Structure formats: structure tokens, C-alpha cells
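Q: can you look at this prediction? I've put the sequence above it.
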Amino acid sequence: MTKSQANTSSSAPPKVDGLDFGFNVPLDRAELSSAKWEYEIARKGDPTLLCFGTAEMDYRAAPPICAALERVAKAGHFGYPYKRVSYYEAIIGYFNRHFSWSIQKDWIASNVGIYPSMQPIIDELTSPGDEIIYQPPVHHIFPEVITAAGRTAVANPLVKRGTRYEMDFEDLAAKTTARTKILLLCSPHNPVGRVWTREELERLNAFCLERGVIVVADEVYCSLVFEGVEFTPFAGLSQSASLNSITLVSASKSFNVTGLKHSLFVAENPDLRDAYMRGLKRNNLYFGGCIFGQAATEAAFRDCDDWSLAAVRYIQGNFEYLRSFIEKHLPLVTVTTPEATYFAWLDFGRLGLSVDELRSFFEDEAHVVVTLGEPLGAGGKGHARFNLGTTRSLVEEGLHRIAQAYERRTAS
């Protein structure tokens, strides 16, 4: 929950239940071509497939975003964009308004995405063979981008206590060496849905400062924090945390504009900023950018608080439905309670299926697509990530299909 959301909870604006934004209305896919749906249907040759995999929502973007894109299209000129003062004001205002995090214009740079931003950071701040820590289960790109750069990916798996995941600081201490240079932090965490507490982050900050490890925080889901939960930007902890960290963030996930390819790099430390800009020179990504992505980012961070709040509430309702359904109909499946994101992290391990069998269970028996946990590293085996960023009717239909496949499996 952001500070701004907390302030609106007692006197909510008119559009807060998702209905006025059409979250309950399925998209007309006749003119759509997405990796989440059309690719998966083509891959399986199954037009009946329901898709709960790829990390994007099945909602139209917020009206101010659509209006901003329409203005750009109507102007009819698509040259290299210039970032006006209003662009920076929107970003700075958003993070101050929601998280009491005061950033400055000079701290902000951009890129086409969170993961592409990691490459110049790794290239400039580490040397081949250096170690970079990541915390699985987490998106497979984390270790991939490390190893592709010729660095050593060191897993510091999260530990599960009950249905809650926590950082394993003892394991972190054991695995940190003189060659450990960076820790990649996923906050809020995808796929387990944790929002790290201030105390957890302060402990991590103290550890990294003592060991000389730079924190690179992927905070792309920071605007999808559930009500009653407080998100703290890592760099917002203190000046020491800010000077020893880089924040990577984007409107892409929280405002459903993943295809517009615009992300933000934020760092107070000028040495870290200079290193990043040097890295961008290798592929000229410091120049130009997507004019539509830039316009959408400004609109999202300035004008879409009511849409964002409504989306969080609708997704949280989808999760409550899913949890109740699974408790009733799939007793062998364990549900992790998320504090953010639009994912439900489900443990199917008691079914005893291999990763290929689990994929077949979903895709061939239930005719649904989810993201399997095993490719997400340690702790992912037997798990599935179910995307809740869709209509309630699709969540209901998908879960009924899974329940029917489950009944056939457990009855045999």
C-alpha cells in the first residue's frame, strides 16, 4: 500500500472498484497480438487455451495514458523524444507522493527496460568472474543476465517459513566473498509477492555496506502493493542506502504498458550514474528512446493514481477468490499470500509431478497456461505462478479447469 493509497482509503475517489475502468470486461482480442495470449495459443495450436502466464494485465491502460498516446499519434511526428520538465516532475512527484522518497532530476536516466538496464551496470561495476547475488525463486533473467556477462551468479535462496518467504541472512553471509560486488534485489518480489519490511531492508543495507556490496533494486512492482501493506524503496531507507544502491523501476508492469519499452534508472551516487552512462555508450541506448513509452510514463506517474488503486483492489479481490477456491477444491495445493504484484504463487508439489508432467497437467489437461516455478530457480520446483491481472470470470474459468484436471489426477 502506498502512502497515497492510504490517504484515499477513508475517502475514496469515485472510481475505485474496477468496474468503471472495465477490469471485469474481457478484451476484444480480434486486433490484439500479444506474447501472453496469441503466442501461447499459436504455440499449442489450442484456441481454447486460457493464459495466466506472461507478466502483464488483461486490462486497457488507464484513460490518461491512452489520451497521452493519442495526442502523440495525432501530432504525426515520431522523431527522437525530448524529456520536458513535466516528465521529471511527474516521476519525482509520484515517488514523493506515494513513498515519501525525494529524488532529484539529475538522479534519473532511462532505458528500454529493467533487465536491459542491468547489463551496463554489471559491465561497468564488476569484472569477469566477479560474483553477483540473486534471491530465487525469481525471474530466470536474473541469473541469465549475470552469466551472459561472464560473471558468477550466486543464489541466495529465500526461505519459506509457513506460507511466508523471508531472506536467509545466514546463507547470504556464508556466500558473500571478496569477489561479491552486487546484490540484485527484487522488491516487491516476483513471484512470491513479498514486500520487504523496513527492518529487513535495513538489515540488508547494513550487511551490504559492511561487505562493500552494491544493491541494485528492481522495484518494478512497487505500484501494485496490496492495501494494508507498506512499501519502502530501498534507496529511501537512508542516505547511506541511497548512495550504495541503484533503483530500476518502470510504469510497465504497474500500469500495463510493457510493450512501450521505457524504464527508469535512479541513483543518487554520481559515480554509479557515471558508470551506467558509460555502459550505455556500448549500444547507444543513452540517445533517443520510445516517444510513446516516454509519454505513457509521464501520464502514468502524474495522472493515474485512481486507476492504480482500483487495479490493486480488483486484483486483491481476484486473489481472495482464488484462495477460497483452492482451499475448497484443491486441498493438496498450498497458496502463498502475496503482499504485492498480480501473481498467486501456488505449490503443487504434493502432486508429485515432474516439471514436464506439471506443464502437461496445466496445458494439455486443464488447457491453461501458467508460469512454472522450476525455471525460476531454487524453491520453484513443483510451483506455478498464476497471473491474477485479468477478469474475475477468466480467473473463475481457469480455476475450474484446473480443479477438473486435479480431480482426474487425484482420483486415479
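A: Received, thanks.
Q: make it CA atoms for all contacts and neighbour counts henceforth
A: Will do.
Q: for the chain, give the strand that spans the most residues.
A: Ranked by residue count under DSSP state E, the longest strand found in the chain is strand 180-186.
Q: neighbours around residue 197, how many?
A: 13 (other CA atoms under 10 Å).
Q: hang on, it packs against residue 229?
A: No - with contact defined as CA atoms under 8 Å, residue 197 does not reach residue 229; the gap is 9.2 Å.
Q: what residues go with each domain of the chain?
A: With domains defined by automatic domain parsing, the chain comprises 3-60+305-411, 64-303.
Q: so how far is residue 50 from the residue lying closest to residue 140 once chain neighbours are set aside?
A: Of all residues beyond its chain neighbours, the one nearest residue 140 is residue 376 (5.1 Å), with distances taken as CA to CA, 6 or more residues apart in numbering. Distance, residue 376 to residue 50, using CA to CA, to the nearest Å: 22 Å.
Q: then residue 78?
A: 36 Å.
Q: looking at the two, which is more packed in?
A: Applying other CA under 10 Å to residue 78 and residue 50 shows that residue 50 carries more neighbours, namely 22 against 11.
Q: which ones are touching that one?
A: Residues near residue 50 by CA atoms under 8 Å, 6 or more residues apart in numbering: 37, 367-369, 394, 398.
Q: residues near residue 370, how many?
A: Residue 370, neighbours per other CA under 10 Å, totals 18.
Q: before we move on, what about residue 37?
A: Residues near residue 37, counting by other CA under 10 Å: 21.
Q: ditto for residue 285
A: Residue 285 has 16 neighbours, counted by other CA under 10 Å.
Q: that's a strand at it, yeah?
A: No - using DSSP: H, G, I helix; E, B strand; the rest coil, the assignment for residue 285 is coil, not a strand.
Q: tell me the spacing between it and residue 121.
A: Going from residue 285 to residue 121 by CA to CA gives 13 Å.
Q: likewise for residue 354?
A: For residue 354, the distance to residue 121 - CA to CA - is 36 Å.
Q: cool, and residue 269?
A: From residue 269 to residue 121 the distance is 13 Å (CA to CA).
Q: how about residue 91?
A: Using CA to CA, one gets 22 Å for the distance from residue 91 to residue 121.
Q: ok, now residue 363?
A: Note on residue 363: its distance to residue 121, by CA to CA, is 38 Å.
Q: quick one, grab the pLDDT at residue 13.
A: Looking at residue 13, its pLDDT is 38.
Q: of residue 354 and residue 121, which one has the most company?
A: Comparing residue 354 with residue 121 by other CA under 10 Å, the one with more neighbours is residue 121, at 21 against 13.
Q: name the nearest residue to the more buried one, sequence neighbours excluded.
A: That would be residue 276: by CA to CA, 6+ apart, it lies 5.5 Å from residue 121.
Q: pLDDT (mean, whole number) over the helix or strand where that neighbour lies?
A: When elements are defined using DSSP states H and E, residue 276 is found to belong to helix 270-280. The average pLDDT within helix 270-280 is 97.
Q: list the buried residues of that helix.
A: Neighbour counts over helix 270-280 (16 or more other CA atoms under 10 Å) mark 272-273, 275-280 as buried.
Q: surely residue 202 is in a helix?
A: Yes - applying three-state DSSP, one finds residue 202 inside a helix.
Q: what sits against it?
A: Residues near residue 202 by CA under 8 Å, 6+ apart: residue 237.
Q: give me the pLDDT for it.
A: Predicted confidence (pLDDT) for residue 202: 98.
Q: distance of it from residue 347?
A: Distance of residue 202 to residue 347, given as CA to CA: 30 Å.
Q: same deal with residue 276?
A: From residue 276 to residue 347 the distance is 38 Å (CA to CA).
Q: residue 33 too?
A: Taken as CA to CA, the span from residue 33 to residue 347 is 31 Å.
Q: returning to what we had before: my read is that the residue nearest to residue 140 contacts residue 143, right?
A: No - the criterion here is CA under 8 Å, and residue 376 misses it with residue 143 at 9.4 Å.
Q: mind listing what the closest residue to residue 223 other than its chain neighbours touches?
A: In space, and not counting its chain neighbours, residue 223 is closest to residue 254: 5.5 Å by CA to CA, 6+ apart. Contacts for residue 254 were tallied using CA under 8 Å, 6+ apart; they are 220-224, 308.
Q: one more pass at 10 Å, please.
A: 56-57, 220-225, 300, 308, 311-312, 341-342 (CA atoms under 10 Å, 6 or more residues apart in numbering).
Q: give the ChimeraX command for selecting the buried subset of these.
A: Buried residues within the contacts of residue 254, by 16+ other CA under 10 Å, are selected in ChimeraX with:
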select :56,57,220,221,222,223,224,225,300,308,311,312,341,342
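Q: mind checking which of the contacts of residue 254 are in helices?
A: Using DSSP state H, the members of the contacts of residue 254 that fall in helices are 300, 308, 311-312.
Q: doesn't residue 72 fall inside a strand?
A: No - per three-state DSSP, residue 72 lies outside any strand segment and is helix.
Q: tell me, how many residues neighbour it?
A: Neighbour count of residue 72, defined by other CA under 10 Å: 14.
Q: pretty sure it is touching residue 290, no?
A: No - look at residue 72 against residue 290 with CA atoms under 10 Å: they stay out of range, at 11.3 Å.
Q: overlap in contacts, the two.
A: Common neighbours of residue 72 and residue 290, using CA under 10 Å, 6+ apart, are residue 78.
Q: list the buried residues of stretch 350-368.
A: Judged by neighbour count (16+ other CA under 10 Å), stretch 350-368 contains these buried residues: 355, 358-368.
Q: that's all I had, so thanks and see you.
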